[in-house]
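Undergrad: heads up, no residue letters with this:
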Ligand SMILES: Nc1nc2c(ncn2[C@@H]2O[C@H](COP(=O)(O)OP(=O)(O)OP(=O)(O)O)[C@@H](O)[C@H]2O)c(=O)[nH]1
Ligand SMILES: [Mg+2]
């Protein structure tokens, strides 16, 4: 395998709403570039980047997939290596998209030409903007019956602004449906590109059809004007000549895209392989090479402080080696596979690098490039390239490795906290024994997943982005690791807090044989605003409790706050001030004061009018306009509050907030309400008091074992 220099590399994130054809597109591009002998198809389970068995079974992307196309350009003798990062579009798996898009230098946002902008279109736009990446759109599915170039373009411009500019126009026969989408007019070269449906993806170049000439000329001029706007010399040339030579137009477009002044729109049918070579030309010629995006910012490895001064690293072979890991695959047979981007320097096969986070050495045996699941070993990878390596000892996703002499730490993608928690139960004792190792591997792969144990019920808890996410994990556990788990109904992570103030004493005194135990503390407790957490204040004067026992009281308070009074949920948003106490020279101990702190806390909690908090989610629902009324009514009946709704190109997007407890079955309910045409996202927003009738039910269902409370009563009496 040839090795590619930085200037000959493009890293493109293929992103977009679910089911818009991203994975099919990647397979069609790979076939067009001659990378695969057959055109892989999602419907047949043969798409190159959906190779995981869960993906094949469900026909959706769950993981990001990696592939590359080698593609020639007119102005270079070498081919360009276009690395394609195919990402999931479903909201449940969108965290995976965010964490792998970080490796790209530009994003191709795939939009369904019959649906226009959808919920996840905006989300992935935001991710690309967060990473400061140039963006372009592909209106895919131009063969679909209900597709419309004008409507989709209108919806894109309405949401993302007038800088969304078509660089192609559709050539349609009849109404365009089925195979009536024949190709595109390339507004840069002003040629017609005509394709054989289900062919090799390469265009026959023709003159623009006469009936489109006028429309094409107007669109061409609009494009030229947009490009020239940012460049005085081009503007002058445009005024003098009335047009621009193709080479100048391309150069100007490249610069405008890089500067995020223009977001080009391309057209295609991934399914019928129409438009593919023009897309590859665009990715290779107009999208930037890694180096022209400038320096990558990192931090001195030693300092993880958020205010630390960043240091820049040029994407160049001449800089010290540094790589950033953006994905981990735990293969039960091949072991751990790590995807990484070479930020600087040249990574030679079998090199040993320093992991700056862990301060340990990792040997990169078998440096590879990926074509879906197929790995090919390479001798080296240059700055800006993307590759994979098997069997790193301890490195996981989001870490920086590099040359020991030049430490740097690239910030990882920020992934939100899980939205939902399920209790899972091992089917047998053997399953219980195996769960630990298996789940550990899956956690490494999936940054949006959490696993733990309920301190109260001892149940295993799995938290993730939604029910489907958790179901996929349970399926993986079964198929890959032969661990059988039963999924129980989802749990709402309620919290408890207080509404009033209290003053309490905790006294622990025991006289047994020799050494006694003695500790007394007095505390005040008061509520804090939502989101404050727990504050512990030392207000002890005159040594009523010696300094060294004060942390013991705090420990007692904090540990005790893990189980609330009402229903055993963690207590939060309060301040405890320790202001007095008593000690004994011989009998006082760390343990005695910890118990005293815990007793004082339990007593104060009871007095301070404990209350139940429930998580409130931010929800965004999109569906065809006709469902608007039903969806709003439904959200209100879920104790939801609607904060806005927007209509565009036949669709409506509704935003609002609702308690998580009312949304547990929303995924399924939405499907039946909208005949499967609605989609939604849900994100944790904040905690709020649960209304009393709800709180009463939750408390009744979670009757805590009152052991700790009994203990509290006897001791504080
Ligand atoms: N008619 C038509 N169907 C398409 C086109 N592209 C993809 N499809 C079909 O749309 C479905 C979804 O395609 P995928 O490539 O899996 O979509 P995706 O965007 O990768 O979906 P996620 O990864 O799950 O978000 C499949 O059944 C494809 O065959 C297209 O251009 N025209
Ligand atoms: Mg996909």
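TA: Thanks, I have it. In this text, all values refer to a predicted model and were calculated from it rather than measured experimentally. Numbers count the residues shown, from 1 in each chain. Ligands and ions are numbered 1, 2, ... in the order given.
Undergrad: near ligand 2, which residues of this protein?
TA: Within reach of ligand 2 by C-beta under 5 Å from the ion, the chain has these residues: 22, 23, 61. C-beta: built from backbone N, CA, C; applies to glycine.
Undergrad: ok, of the residues you listed, which come out buried?
TA: Applying 16 or more other C-beta atoms under 10 Å to the residues of the chain next to ligand 2, the neighbour count classes 22, 23, 61 as buried.
Undergrad: give me the subset of these touching ligand 1.
TA: With C-beta under 6 Å from any ligand atom as the criterion, these include 22, 23, 61 near ligand 1.
Undergrad: Redo those residues as CSV? Include distance to residue 243.
TA: Shown next, in CSV, are these (distance: C-beta to C-beta, whole Å):
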residue, distance to residue 243
22, 35
23, 39
61, 42
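Undergrad: need the residues you listed in a markdown table with secondary structure and pLDDT, can you?
TA: Shown next, in a markdown table, are these (DSSP: H, G, I helix; E, B strand; the rest coil; pLDDT from 0 to 100):
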| residue | secondary structure | pLDDT |
| --- | --- | --- |
| 22 | helix | 98 |
| 23 | helix | 98 |
| 61 | coil | 95 |
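Undergrad: and of those, the nearest to residue 209?
TA: residue 22 (30.2 Å; C-beta to C-beta).
Undergrad: looking at it, the closest one is touching residue 15, isn't it?
TA: Yes. Taking contacts as C-beta atoms under 8 Å, residue 22 lies within contact range of residue 15: 7.1 Å.
Undergrad: what do the two both touch?
TA: With contacts taken as C-beta atoms under 8 Å, 6 or more residues apart in numbering, residue 22 and residue 15 have 87, 89, 110 as neighbours in common.
Undergrad: how far is the helix or strand that the last one is a member of from where the chain is centred?
TA: In this case it means residue 110. Assigned by DSSP states H and E, residue 110 belongs to strand 106-112. Remark: strand 106-112 is offset 16 Å from the chain centroid, using C-alpha atoms, centre = their mean, to the nearest Å.
Undergrad: likewise stretch 201-214?
TA: Put simply, stretch 201-214 sits 40 Å off its chain's centre (C-alpha atoms, centre = their mean).
Undergrad: in that stretch, what's buried?
TA: By neighbour count on 16+ other C-beta under 10 Å, the buried set for stretch 201-214 is 201, 202, 203, 208, 212.
Undergrad: Contacts for that stretch next, please.
TA: Residues outside stretch 201-214 that contact it (C-beta under 8 Å, 6+ apart): 28-29, 31-32, 169, 171, 183, 185, 190-196, 216, 273-274, 276-278.
Undergrad: Next step: the residues you listed restricted to helices.
TA: Under the assignment DSSP state H, the contacts of stretch 201-214 contribute 28, 29, 31, 32, 216, 276, 277, 278 to helices.
Undergrad: got the contact list for the second one?
TA: To tie it back to what came earlier, the one meant is residue 29. By C-beta under 8 Å, 6+ apart, the contact set of residue 29 is 69, 82, 84, 201, 276, 279, 280.
Undergrad: Can you tell me which of those end up in strands?
TA: With strands defined by DSSP state E, the entries of these inside them are 69, 82, 84.
Undergrad: which among the ones in helices among the contacts of stretch 201-214 end up buried?
TA: Among the ones in helices among the contacts of stretch 201-214, the ones that count as buried by 16+ other C-beta under 10 Å are 28, 29, 31, 32, 216, 276, 277, 278.
Undergrad: Distance check, the fifth one against residue 297.
TA: Between residue 216 and residue 297 the computed distance is 43 Å (C-beta to C-beta, to the nearest Å).
Undergrad: swap in the third one?
TA: Using C-beta to C-beta, we find residue 31 at a distance of 38 Å from residue 297.
Undergrad: Check the second one too.
TA: Remark: distance between residue 29 and residue 297 (C-beta to C-beta) = 31 Å.
Undergrad: okay, and the helix or strand of the chain with the least pLDDT?
TA: helix 707-716 (a mean of 40; mean pLDDT, DSSP states H and E).
Undergrad: Show me what the closest residue to residue 644 other than its chain neighbours bridges to in the sheet.
TA: Nearest non-adjacent residue to residue 644, counting by C-beta to C-beta, 6 or more residues apart in numbering: residue 655, 4.7 Å away. Beta-bridge partners recorded for residue 655 (DSSP bridges): residue 620, residue 644.
Undergrad: Pull the contacting residues for residue 655.
TA: Taking C-beta under 8 Å, 6+ apart as the criterion, residue 655 is in contact with 618, 619, 620, 642, 643, 644, 645.
Undergrad: Try it again at 6 Å.
TA: Listed by C-beta atoms under 6 Å, 6 or more residues apart in numbering, the contact partners of residue 655 are 620, 643, 644.
Undergrad: Find the closest residue to ligand 2 in the stretch 501-650 of the chain.
TA: Residue nearest to ligand 2 within the stretch 501-650 of the chain (C-beta to the ion): residue 622, separated by 18.7 Å.
Undergrad: Does that residue touch residue 117 like I think?
TA: No. Counting by C-beta atoms under 6 Å, residue 622 stays clear of residue 117, with 8.8 Å between them.
Undergrad: Could you tell me which residues touch both of these two?
TA: Joint contacts of residue 622 and residue 117 (C-beta under 6 Å, 6+ apart) do not exist.
Undergrad: Write out the residues of the stretch 201-350 of the chain neighbouring ligand 1.
TA: Near ligand 1, when you scan the stretch 201-350 of the chain using C-beta under 6 Å from any ligand atom, you find 269, 270, 271.
Undergrad: and the last one, how far is that from residue 115?
TA: Distance check for residue 271 against residue 115: by C-beta to C-beta, it reads 15 Å.
Undergrad: and if you look at the second one?
TA: Here the distance between residue 270 and residue 115 works out to 15 Å (C-beta to C-beta).
Undergrad: gap between residue 74 and residue 285?
TA: 8 Å.
Undergrad: Give me the more crowded residue out of these two.
TA: Remark: of residue 74 and residue 285, residue 285 carries more neighbours, 19 against 9, as counted by other C-beta atoms under 10 Å.
Undergrad: What ranges does the stretch 501-650 of the chain have for its strands?
TA: For the stretch 501-650 of the chain, applying DSSP state E, counting those that start in this stretch gives strands covering 502-511, 516-527, 534-538, 574-582, 610-624, 641-648.
Undergrad: TSV for these, including mean neighbour count?
TA: Output for the strands of the stretch 501-650 of the chain, formatted as TSV (neighbours: other C-beta atoms under 10 Å):
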stretch	mean neighbour count
strand 502-511	19
strand 516-527	22
strand 534-538	15
strand 574-582	21
strand 610-624	21
strand 641-648	13
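Undergrad: As TSV, those with mean pLDDT would be great.
TA: Shown next, in TSV, are the strands of the stretch 501-650 of the chain (pLDDT from 0 to 100):
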stretch	mean pLDDT
strand 502-511	93
strand 516-527	95
strand 534-538	92
strand 574-582	95
strand 610-624	91
strand 641-648	88
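Undergrad: Show me where the protein dips below the pLDDT cut-off.
TA: Within the chain, the ranges that satisfy pLDDT under 70 run 301-308, 455-456, 513, 649, 704-717.
Undergrad: measure stretch 67-85 end to end?
TA: Using C-alpha to C-alpha, to the nearest Å, the span of stretch 67-85 from its first residue to its last is 7 Å.
Undergrad: Equivalent analysis for stretch 362-378, please.
TA: End-to-end for stretch 362-378, by C-alpha to C-alpha: 18 Å.
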